[in-house]
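Engineer: What follows is a predicted structure for the sequence shown.
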Amino acid sequence: MKMLFDTRGQRYEAIVRKHARRLPVDGHPILVRQGWYPLVEAMLDQVARDHPTVVFSRIQAGGGWLRVDVENQSRPFDPRDDLRLSNVIQGFVTQSLSTCEDCGSHHGRHVDATAYGYETGMNRTLCEECVPVFADLAIATLASKNKEPRDA
Ligand SMILES: [Zn+2]
């Protein structure tokens, strides 16, 4: 079954290793599907280069867009630098709205999870080819959810 986030594999581990010092320390430091790996890596590369003090407290897909939080005390001291950092991050968040979470194509569109029996928190950004993957995931999860009460 497809998992909610892709948190293993060589690509994932390489990104985490390269940026370990600016990522959350608990659990899986990056919670996105594999289609967003290049997006997240590009954001980390640019922040590492332009704002080396910054430490992230959250990098996570949620509701179809990339959610990014920065540790307050690690933000640039100069307000102009801080604004530049916010603009950099916002640029990648905006890209996430059209980048397929599964395959990384730039033809992603917002997919309403309620059409598949999910809550809006499961909304995703997917391209046309990857929407069926989402439907399979939703059906598989619903089936296992429905089975539990009957087995109990
Ligand atoms: Zn796709």
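Structural biologist: On my side now, so go ahead.
Engineer: Up against the ion, what does this protein have?
Structural biologist: Cys100, Asp102, Cys103, Ser105, Cys127, Cys130 (CB under 5 Å from the ion). In short, each C-beta sits where N, CA and C put it, glycine included.
Engineer: who are the neighbours in contact with Asp82?
Structural biologist: Residues in contact with Asp82, defined by CB atoms under 8 Å, 6 or more residues apart in numbering, are Arg75, Pro76.
Engineer: now the strands for this protein?
Structural biologist: 56-62, 65-70, 109-111, 124-126 (DSSP state E).
Engineer: Let's test this: mean pLDDT of the longest one, rounded?
Structural biologist: Here strand 56-62 scores 96 as its mean pLDDT.
Engineer: For that strand, which helices and strands make contact with it?
Structural biologist: strand 65-70 (3 or more CB pairs under 8 Å, 6 or more residues apart in numbering; DSSP states H and E).
Engineer: then the strand it packs on to CSV, C-alphas only?
Structural biologist: Listed next in CSV are the C-alpha coordinates belonging to strand 65-70 (Å, rounded to 0.1, in the frame of the first residue of the first chain):
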residue,chain,number,x,y,z
TRP,A,65,0.9,22.5,-0.3
LEU,A,66,4.3,22.6,1.3
ARG,A,67,4.3,23.8,4.9
VAL,A,68,7.5,25.2,6.2
ASP,A,69,8.3,26.5,9.6
VAL,A,70,11.6,28.1,10.7
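Engineer: just to revisit the earlier point, could you look over the strands of the chain and pick the most buried one?
Structural biologist: Most buried of the strands of the chain by mean neighbour count (mean count of other CB atoms under 10 Å) is strand 124-126; its value is a mean of 26.
Engineer: Run me through the strand neighbours of that strand, direction for each.
Structural biologist: Sheet pairing here is set by DSSP bridges, and for strand 124-126 it gives strand 109-111 (antiparallel).
Engineer: Tell me where the model's unsure across this protein.
Structural biologist: 1-3, 136-152 (pLDDT under 70).
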